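Q: need a structure here:
(2 chains)
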Amino acid sequence: KAGVTQTPRYLIKTRGQQVTLSCSPISGHRSVSWYQQTPGQGLQFLFEYFSETQRNKGNFPGRFSGRQFSNSRSEMNVSTLELGDSALYLCASRGLGEGTEAFFGQGTRLTVV
Amino acid sequence: QQQVKQSPQSLIVQKGGISIINCAYENTAFDYFPWYQQFPGKGPALLIAIRPDVSEKKEGRFTISFNKSAKQFSLHIMDSQPGDSATYFCAAFLSGTYKYIFGTGTRLKVLA
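A: The predicted structure is shown next:
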């Protein structure tokens, strides 16, 4: 089985811009979650989608948004970028009937300058 | 109540030694506790996981010990190897919230 694929792997953006990150889950997995990883805050939950519905959202400002498509692929968008948004953004997918194991992609390294 | 506290922050172990990483949680409703291993430039990879109705789970050189009454769980890496040098994260999952709460991570270095 192919793993979780995140694109792009690296991004450099300027403050005030917006960015869209993409995640393709493992084939057959319908749950996609997003996490932000920074040295100071560790891994923080952003949101989770299942069958195109957001089921939970973390404590992040409204500039962070996401969506999921009918093929389970997901995107997250960050608008009006701030320097503090520089982080590794990780996507994880989970399947039904497989317990609650989450499989992570390699992440997108976002740098805001 | 949603925190997972992990210690130590860093750990240096000799090759062949035992690495022990500890985590503590507050919310007794957590129902799944995985450990993840992360190498630089990579995403976290699931290592081993346990549910609270089990006190110990072993997979190869990796063992989780779970103490429900103390609300603590730990990862033991037996016969530690230089290839085990990575950052390890414990996590807790609460069914119905669809999210993991992660510990702050332990940077393990195994000396050759």
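
Q: contacts and neighbour counts: CA atoms only from here.
A: Noted.

Q: State the pLDDT value of the residue in chain B that chain A sits nearest to.
A: When Cα to the nearest Cα is the measure, chain B has its nearest residue to chain A at residue B:43, with 4.1 Å between them. Residue B:43 is assigned 95 on the pLDDT scale.

Q: Surely it is in contact with residue A:90?
A: Yes - because the distance of 7.0 Å satisfies Cα atoms under 8 Å, residue B:43 is recorded as touching residue A:90.

Q: Low-confidence regions, chain A specifically.
A: Across chain A, the stretches falling below the confidence threshold (pLDDT under 70) are A:1, A:97-99.

Q: and whichever residue of it sits closest to chain B, how many neighbours does it have?
A: Minimum separation of chain A from chain B (Cα to the nearest Cα) falls at residue A:106, amounting to 4.1 Å. Residue A:106: 23 surrounding residues under other Cα atoms under 10 Å in any protein chain shown.

Q: More neighbours: residue B:43 and residue A:90, which one.
A: More crowded of residue B:43 and residue A:90, by other Cα under 10 Å: residue A:90, with 27 against 23.

Q: could you say what helices and strands the host helix or strand of the more buried one packs with?
A: Under the criterion of DSSP states H and E, residue A:90 resides in strand A:87-94. In terms of contact count using 3 or more Cα pairs under 8 Å, 6 or more residues apart in numbering or on different chains; DSSP states H and E, strand A:87-94 is assigned the packing partners strand A:31-38, strand A:103-104, strand A:108-112.

Q: got CSV for those, with mean neighbour count too?
A: As requested, the helices and strands packed on strand A:87-94 are exported to CSV (neighbours: other Cα atoms under 10 Å in any protein chain shown):
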stretch, mean neighbour count
strand A:31-38, 24
strand A:103-104, 24
strand A:108-112, 20
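
Q: and the closest residue to residue A:22 other than its chain neighbours, how far is that from residue B:28?
A: Nearest residue to residue A:22 in three dimensions, chain neighbours excluded: residue A:75, at 4.5 Å (Cα to Cα, 6 or more residues apart in numbering or on different chains). Applying Cα to Cα, to the nearest Å, one obtains 33 Å for the distance of residue A:75 from residue B:28.
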